Structure formats: structure tokens, C-alpha cells
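Trainee: coordinates only, sequence not included:
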């Protein structure tokens with residue numbers, strides 16, 4: 001009886017250890033699927049120096065850092081934890097200073113950037129000229145920046161930021177989606 005119990009115990013232990021051998025392969029870390037809303041826009045005509053069309057799913061607010069600047073706004077995208085910061089300055093023989101400031105701000109992203117592509121903005125029918133910068137790199141804080149000017153009176157600068165740790169590989173669908181909103185802002189901007 002003792003031998004039988006002993007054999008039963010040994011076979012149970014061997015069976016338990018032999019059945020636990022599996023080839024385990026860890027799964028790669030996944031990211032949530034991002035659903036994007038349909039595009040629809042509304043004309044914003046409340047800014048003193050310019051007007052444009054804003055997406056209906058975005059929230060506009062005055063710039064919190066500069067409440068005295070009536071032409072500075074933030075276009076918030078709460079669904080994506082992102083915001084497009086728009087600043088405005090009147091030109092008074094100081095366009096070169098504003099352009100230098102823009103390039104200085106852009107170059108702050110250079111250490112984390114793998115590439116910077118620029119696109120010329122040329123709309124003489126609206127007197128809008130500028131550059132749009134697409135900044136590639138996994139941990140770039142601002143993947144899109146731009147400036148617009150009529151070269152005599154108005155200067156607008158914009159920068160897209162996210163309120164999360166930058167991982168632009170996983171944010172690529174959102175960046176592409178918001179790039180279309182930035183393009184639409186540029187295409188519908190009109191000076192007052």
C-alpha cells in the first residue's frame with residue numbers, strides 16, 4: 001500500500017512538472033486604437049487680427065500664458081490630449097526678429113529630431129506666406145510648427161503639442177489627423 005502511494009505521488013509530481021513546460025513568447029506592448037471624429041469646421045471671427053476655420057471637435061481658449069495678448073489662442077483637442085498654440089505679433093519693421101525667434105524655437109527640437117521637413121506656404125490671393133515644419137523623431141515635443149505672415153503687418157506662429165510624454169511612433173495617426181486641421185487653419189486664415 002505504501003509503495004502504491006509512493007508511486008502515485010512520484011507520477012503526480014512528474015506529471016505536474018512535465019505539463020508546465022510550454023514555449024512562452026511575450027507579446028509586444030500594444031497601444032489603444034484611436035478613433036477619430038469626422039471633419040467639420042466653423043468660421044472663427046472673434047479674433048481681432050485674423051479669422052480662420054476651426055474644427056468642431058476642438059475647444060478654443062485664450063492663451064493662458066499671455067492673457068493680455070488678445071490675438072493669442074489655444075486650440076485644444078481634449079480627445080487627443082493635444083493643443084495647437086497660436087501666437088500673433090504685429091509687424092513694425094521687425095519681421096526678421098520674429099523669423100529668427102521662430103527658427104530658434106524650432107531648433108530647440110533639433111536634438112530629438114531625426115528629420116525636419118519644411119513646406120512652403122504661398123497664397124498671394126489672401127496675402128499669406130510662410131513655412132510649415134514637420135519634425136520627425138520618436139520623442140519630439142512638437143511635431144508640427146509653422147509661421148504665416150503678409151510680410152508687412154501680421155505675423156502668426158503655431159505649434160502643436162501633446163500633454164503626454166512624446167512617443168510619436170504611436171501618436172502618428174493622431175499627428176496625421178491633426179496635420180489636416182493645421183493645413184485647414186493655414187488654408188482658411190484671412191487677415192483683418
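Mentor: Structure received. These numbers were taken from a predicted model, which means no experiment stands behind them.
Trainee: which ones are touching the spatially closest residue to residue 188 that is not a sequence neighbour?
Mentor: Leaving aside its chain neighbours, residue 188 sits nearest to residue 53 (4.1 Å; criterion: CB to CB, 6 or more residues apart in numbering). C-beta coordinates here come from the backbone N, C-alpha and C atoms, glycine included. Residues in contact with residue 53, defined by CB atoms under 8 Å, 6 or more residues apart in numbering, are 41, 42, 43, 44, 184, 185, 188.
Trainee: and which of those is nearest residue 166?
Mentor: residue 185 (21.6 Å; CB to CB).
Trainee: was I right about that closest one contacting residue 52?
Mentor: Yes. The pair residue 185 and residue 52 passes the contact test of CB atoms under 8 Å, sitting 5.3 Å apart.
Trainee: bridging residues for the residue nearest to residue 188?
Mentor: For residue 53, the beta-bridge assignment (DSSP bridges) gives partners residue 43.
Trainee: gap between it and residue 44?
Mentor: Distance of residue 53 to residue 44, given as CB to CB, to the nearest Å: 7 Å.
Trainee: and residue 143, by the same measure?
Mentor: Applying CB to CB to residue 143 and residue 44 gives a distance of 23 Å.
Trainee: and the strands in this protein?
Mentor: 41-44, 50-55, 59-62, 73-77, 82-90, 115-123, 128-136, 144-149, 154-162, 190-191 (DSSP state E).
Trainee: packing partners for the fifth one?
Mentor: To tie it back to what came earlier, the one meant is strand 82-90. Counting contacts by 3 or more CB pairs under 8 Å, 6 or more residues apart in numbering; DSSP states H and E, strand 82-90 packs against strand 73-77, strand 154-162, helix 172-188.
Trainee: tell me which of those lies nearest to residue 62.
Mentor: Closest to residue 62 of the helices and strands packed on strand 82-90, according to CB to CB: strand 73-77, at 6.3 Å.
Trainee: so what strands line up beside that closest one?
Mentor: For strand 73-77, using DSSP bridges, the partner strands are strand 59-62 (antiparallel), strand 82-90 (antiparallel).
Trainee: picking up where we left off before, tell me which of residue 143 and residue 44 has more neighbours.
Mentor: residue 143 (26 against 17; other CB atoms under 10 Å).
Trainee: quick check, that one in contact with residue 168.
Mentor: Yes. Between residue 143 and residue 168 there is a contact under CB under 8 Å: 5.7 Å.
Trainee: could you list the low-pLDDT ranges of the protein?
Mentor: Filtered on pLDDT under 70, the chain yields the residue ranges 1-2, 6-7, 11, 13-24, 26-33.
Trainee: repeat the analysis, applying 80 as the threshold.
Mentor: Residue ranges of the chain with pLDDT under 80: 1-34, 166-170.
Trainee: coming back round to it: need the strands of the chain in TSV (columns: distance to residue 101).
Mentor: Shown next, in TSV, are the strands of the chain (distance: least, CB to CB, whole Å):
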stretch	distance to residue 101
strand 41-44	25
strand 50-55	19
strand 59-62	21
strand 73-77	18
strand 82-90	9
strand 115-123	17
strand 128-136	14
strand 144-149	9
strand 154-162	8
strand 190-191	20
